[in-house]
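need the 3D shape of this:
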Amino acid sequence: MFTYLHTRLLVRRALNAYVLGDYAKAERLFLKLRAKQGDTQLVLRNLGLVRMAQGDLAGAESYFLHELERFGPAPDRLQALADVAYLSGDRQKAARRIKDVLEDPGCTAPKLYGQRAAICGDAAAYARAMQGKRDFAEGNARLASKDVDGALAAFRRAAAADPTDFAALNNIGGILLNQKEDPAGAAEAFSRALALQPLPMLKRNVVLAEAMLKQRGR
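Next up, the predicted model:
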C-alpha cells in the first residue's frame, strides 16, 4: 500500500536529488510517483522542471502542456510554458507567451517576465541570452562528468549572459552548497533565483543553505 508517509518520503527524495543536481535520479523518483498516483499537478510540474534542467525543452513543454490541459489555465502554468518558449530560441514565440503571462492579473513573477519581454524585444540581447543557454548545457555536461569547477564556471557564464536565468543561479547554488561547502554563496545564488521566480523548490533551497550557514556559525 502506498501511504501518505511513503508519498512524502518519495517526494522528499526526489526534491533532494534535484537540489544535488542528480536530475536522472529525481526524474526516476517522480516517474515512480507518477506510476503510483497518476498525472497529478505535482508530478507533471516537477517532471517538466527536471526535463528543463536537463535541456530537454520539448519534453518539458509536453509535461507543461499536459498539466495545462488536465488542470486548466493558471498563472504558474502559463509561466512554465513561457519559460520553455524563452529557452527555445524562438524569440517571437517567447514574446507571445511572455505577453500572455504579463497580461494575467495573477502573474507571480512580473520582474522576471518584464525583463524577459525586454530581452525578447532586442535581438542582440536575446542572442546573448541564447549563448548563455549553450553555456548552461555545457555546465550540465561538465557536472555529469564530475567536472565541478568547469560546471560552476559554465553556469556563471550562463547567468552573466542572461540575468533572468534562475535555473543557472539555482545550479550555481547547488554546487556551492553541496560540492564547495559555501553555504553563504549558495544562499546568495538561491535568493537571486527566488527573487526572479518564486518556485517552492527554490524556496526550499534557500532554507537549506541558510540552515547550513546558521549551523556553521554556532
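
give me the below-cutoff pLDDT ranges for the protein.
1-2, 218 (pLDDT under 70).

count the neighbours of Ala24 for me.
For Ala24, the neighbour count with other Cβ atoms under 10 Å is 11. Every C-beta, even on glycine, is put in place using the N, C-alpha and C of the backbone.

my error: substitute Asp122 in the last question.
By the criterion of other Cβ under 10 Å, Asp122 has 12 neighbours.

do the same with Ala137
14.

how about it, what does it touch?
Counting by Cβ atoms under 8 Å, 6 or more residues apart in numbering, Ala137 touches Gly55.

equivalent analysis for the one 3 residues further on, please.
Taking Cβ under 8 Å, 6+ apart, we find Asn140 in contact with 23, 53-55, 151, 171.

and the strand or helix carrying Gly150, what does it pack against?
Element membership of Gly150, judged by DSSP states H and E, is helix 148-161. Applying 3 or more Cβ pairs under 8 Å, 6 or more residues apart in numbering; DSSP states H and E, we find helix 148-161 packed against helix 123-144, helix 166-178.

please work out which of those helices is packed deepest.
Neighbour counts (mean count of other Cβ atoms under 10 Å) averaged over each of the helices and strands packed on helix 148-161 peak at helix 166-178, with a mean of 25.

in the helix or strand following that helix, which residues are buried?
Following helix 166-178 in sequence order, the next helix or strand is helix 183-196 (DSSP H and E). For helix 183-196, burial by neighbour count (16 or more other Cβ atoms under 10 Å) applies to 183, 185-194, 196.

again, but for stretch 13-27
Those would be 13-15, 17-19, 21-23, 25-27, for stretch 13-27 by 16+ other Cβ under 10 Å.

okay, the residues you listed in a markdown table with distance to Glu67 next?
Shown next, in a markdown table, are the buried residues of stretch 13-27 (distance: Cβ to Cβ, whole Å):
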| residue | distance to Glu67 |
| --- | --- |
| Arg13 | 22 |
| Ala14 | 17 |
| Leu15 | 18 |
| Ala17 | 21 |
| Tyr18 | 17 |
| Val19 | 22 |
| Gly21 | 24 |
| Asp22 | 23 |
| Tyr23 | 19 |
| Lys25 | 22 |
| Ala26 | 17 |
| Glu27 | 16 |
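
and which of those residues is nearest to Ala209?
Using Cβ to Cβ, Val19 comes nearest to Ala209 of those, at 9.8 Å.

does the closest one touch Leu176 like I think?
No - judged on Cβ atoms under 8 Å, Val19 makes no contact with Leu176 at a distance of 11.9 Å.

Leu78 touches Leu102, doesn't it?
No - contact criterion Cβ under 8 Å: Leu78 and Leu102 do not qualify, at 9.8 Å.

thinking again about what came up before, and the angle for the helix holding Gly150 with helix 183-196?
30 degrees (axes from the mean of the first three to the mean of the last three Cα atoms, to 10 degrees).
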